[in-house]
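Student: give me the fold of what follows.
(2 chains)
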Amino acid sequence: MRWSRQFIPTLREVPQEAEIPSHRLMLRAGLIRRLSGGLYTFLPLGLRSLRKVEQIVREEMDRAGALEILMPALQPADIWQRTGRLEAMGGVMFHIRDRQGRAMVLGPTHEEVTTLLAAQDIDSYRQLPRTFYQVQTKFRDEIRPRFGLMRAKEFIMKDAYSFDVDEAGVDASYEAMRAAYVRIFARCGLRTRVVEADTGAMGGRDSQEFMVLAEAGEDGVIDCPDCGYAANLERAEGRPPALPVVEGADGPSAEVETPGARTVEQVAAFLEVSPRQLVKTLIYLADDRPVAVLVPGDREVNEIKLQRALGAGRLALADEARIVEVTGAPVGFAGPAGLDLPKLADESLRGARGCVTGANRADAHRVRVDLARDAGALAYADLVFPCAGDGCPRCADGRLREERGIEVGHVFKLGTKYAEALGASVLDEGGRRRPPLMGCYGVGVTRTLQAVIEQRHDAQGICWPAALAPYPVGLLCLNTRDAACAAAADALYAALIDAGVEVLYDDRDERPGVKFKDADLVGFPLRVAVGERGLSRGVVEIRERATGVTDEAPPEAAAERIRTRLAELVAKESADGA
RNA sequence: CGGGGCGUGGCGCAGUCUGGCAGCGCGUCAGCUUUGGGAGCUGAAAGUCGUGGGUUCGAAUCCCACCGCCCCGACCA
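Tutor: You can find the predicted model right below:
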């Protein structure tokens, strides 16, 4: 393809809408354009790379034995009603009505549709195991779309669903997908981290996420450098350090006046103690029943953990009126002593003495509290988000680190929830009817594309892996008005096409500097420069984008040399990723 | 949904406070020169100043409403 006939609107200046490097580069390199918030058009170069990611995904799914299908993006709302997810998904689904007034949704995922397919056409264990997948546009009404393709209202996802008769089968299906994911991301030239994850609104058990570590990541990742434990922040456990026991803390507890001090910072400053010394008492409503939740003053409640510990269906912080009603004090002064509510405390508060709590009275707190002595009946559970520096939950000496990650893949086991809700069942070997065990596996295709750029770029532009570059080779004719130069470049272009190399030929009547800048920005893994200077010495220049390693070849031999170097690049990249 | 900010040729912005010819840089088009890291000169095209209403002799500028976009936050005592 000739540059003069492609559509590559590169931008010299940085568009103001973009915040993170990958987003800026996708706009500047002419890969995408924004239509409105969270909605993007793929331009020719962006689409070429996107198709390459999809192709890798398909090849690895097929290799793992999954079967490609294509389900409707538009779905009747009632199937979501049947699994209880119409409410559970909250506002993330786009709701529309057809002309008959039937309620429809644009699918953010496809568990319901897949399960109904199985209910229709899978009757016997003999038809199992089966894993279906599709590559499809998904819709989510994001509260706040941002970072280009990273969090968009419309995005392309590969989603796969497995069906098995027994646990051993699910384990095998899950492992096959997990292994396929490792290969997919390696081939995309991504370094990923596999972390334990929470199953969230999906329901289910084992769950792992593939994270691309990046500053701009929207997910927290906790890991232990000693033993390799790694988990999504929402799921991660940790051992917070014990509360410091201060001098004279063993005396009887007493109320002190703390006028106006209601936040942890205010109280800590007023009493001249560290926030660690405080115990926060939060009033939650678990299925509308109030419960007191105690956590260290410098920690935050992980509501997912809390909900699980309480076995609650619905969980929310109590509103101001309710807090006054159950504690007798305004917000900010709740404490466990004398509070007649079920109480649940974080594990790290076991044996806490000498701490500060609210006094259940306006403008008062209680000091020298010994939870075991003063707080009445307390249950303990892991309720908080871990922090960097906490002890590792899996090994003795490890100290946890906290990093940011972009979730590009997610695998998990769903159990029988959907099959039961939608009436899917199969006959097992003994002739008994039972719901199949499901697994579900997603790859954010558009997000993966952007994650690659986020991980592989420099000040000049994108450093595409050869496997994903829109064109792996950029051929620059440095002076189109010089007959010899143009002839040599034309000949090499023809030779590269004959050699089966995907090449973009910059044949524009531009100065060399413009072509070099654009080539760096667009990020051809190999850049071939044909100029008068080189030709006078009988060579063209071949330069590797990522490393800057440059060599030269006679024009006649260049096509073959380029082909060889490209093959080496692809091999090296997927080895690095794996 | 709450808070903040922004909407002015394709892109980036100034002009708005203090009303009085709609500007700058980049890009685009034409010509000449130039050709190994975003060239120089000359000329040109291109703007309902987000939309609607109001105030005024006169509105990009002041007032009201709406729309769009960006950022932060969304109940942590």
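
Student: can you get me a residue count around residue A:482?
Tutor: 16 (other CB atoms under 10 Å). For glycine as for every other residue, the C-beta is placed from the backbone atoms N, C-alpha and C.

Student: my read: residue A:495 touches residue A:558, true?
Tutor: Yes. The criterion here is CB atoms under 8 Å, and residue A:495 meets it with residue A:558 at 7.4 Å.

Student: which one of the two has more residues nearby?
Tutor: residue A:558 (24 against 19).

Student: let me see the contact set for that one.
Tutor: A:492, A:495, A:528, A:540, A:542 (CB atoms under 8 Å, 6 or more residues apart in numbering).

Student: what does the stretch 401-550 of chain A put close to RNA strand B?
Tutor: A:460, A:478-479, A:481-482, A:509-514, A:516-521, A:529-535, A:540-541, A:543 (CB under 7 Å from any atom of the strand).

Student: filter these down to the ones in strands?
Tutor: Within these, residues falling in strands by DSSP state E are A:529, A:530, A:540, A:541, A:543.

Student: which of those has the largest number of neighbours?
Tutor: Within these, most neighbours by other CB under 10 Å means residue A:530, with 29 neighbours.

Student: so what's that one bridging to?
Tutor: Applying DSSP bridges to residue A:530 gives these bridge partners: residue A:477.

Student: and the gap between it and residue A:146?
Tutor: Separation of residue A:530 from residue A:146 (CB to CB, to the nearest Å): 42 Å.

Student: before we move on, back to that, closest to residue A:124 among the contacts of residue A:558?
Tutor: Nearest to residue A:124 out of those is residue A:495 (CB to CB; 57.4 Å).

Student: which SS class is the closest one?
Tutor: Three-state call for residue A:495 (DSSP: H, G, I helix; E, B strand; the rest coil): helix.

Student: residues contacting it?
Tutor: Here residue A:495 is in contact with A:558, A:559 (criterion: CB under 8 Å, 6+ apart).

Student: quick check: pLDDT value at it.
Tutor: Predicted confidence (pLDDT) for residue A:495: 97.

Student: ok, now residue A:294?
Tutor: pLDDT, read off for residue A:294, is 91.

Student: just give the nearest non-adjacent residue to it, would you?
Tutor: The shortest distance from residue A:294 to any non-neighbouring residue, by CB to CB, 6 or more residues apart in numbering, is to residue A:345 (3.9 Å).

Student: and that neighbour, bridged to which residues?
Tutor: Bridge pairing for residue A:345 - DSSP bridges - gives residue A:294, residue A:380.

Student: is it true that it touches residue A:296?
Tutor: No. Counting by CB under 8 Å, residue A:345 does not reach residue A:296; the two are 9.6 Å apart.

Student: Three-state assignment for the most centrally placed residue in chain A, please.
Tutor: Nearest to the mean C-alpha position of chain A, counting by CA atoms, centre = their mean, stands residue A:407 at 1.6 Å. Using three-state DSSP, the structure places residue A:407 in strand.

Student: contact partners for it?
Tutor: For residue A:407, the contact set (CB under 8 Å, 6+ apart) comprises A:209, A:210, A:211, A:218, A:219, A:444, A:447.

Student: now the two most distant members of those.
Tutor: That would be A:210 and A:218, which, of the contacts of residue A:407, are the farthest apart (CB to CB) at 14.4 Å.

Student: residue boundaries of the helices in the stretch 251-400 of chain A?
Tutor: In the stretch 251-400 of chain A, the segments counted as helices under DSSP state H, counting those that start in this stretch are A:264-271, A:303-310, A:320-327, A:371-374.

Student: what's the closest of those helices to residue A:73?
Tutor: Using CB to CB, the helices of the stretch 251-400 of chain A put helix A:303-310 closest to residue A:73, at 28.8 Å.

Student: what does that closest one contact?
Tutor: Taking CB under 8 Å, 6+ apart as the rule, helix A:303-310 contacts A:198, A:200, A:234-235, A:284, A:286, A:291, A:293, A:315, A:344, A:381-384.

Student: measure the residue of the stretch 251-400 of chain A found nearest RNA strand B to residue A:456 for me?
Tutor: Of all residues in the stretch 251-400 of chain A, residue A:332 sits closest to RNA strand B, at 2.5 Å by CB to the nearest atom of the strand. Taking CB to CB as the criterion, residue A:332 is separated from residue A:456 by 48 Å.

Student: same check on residue A:534?
Tutor: From residue A:534 to residue A:456 the distance is 28 Å (CB to CB).

Student: what about those two, which has more around it?
Tutor: Between residue A:534 and residue A:456, residue A:456 has the larger neighbour count (other CB under 10 Å), namely 21 against 18.

Student: for the more buried one, phi and psi?
Tutor: Main-chain dihedrals, residue A:456, degrees, to the nearest 10: phi -130, psi 80.

Student: hang on, isn't it packed against residue A:464?
Tutor: Yes. Using CB under 8 Å, residue A:456 is in contact with residue A:464, at 7.0 Å.

Student: and residue A:430, that one's in a strand?
Tutor: No. Counting by three-state DSSP, residue A:430 is located in no strand; its state is coil.
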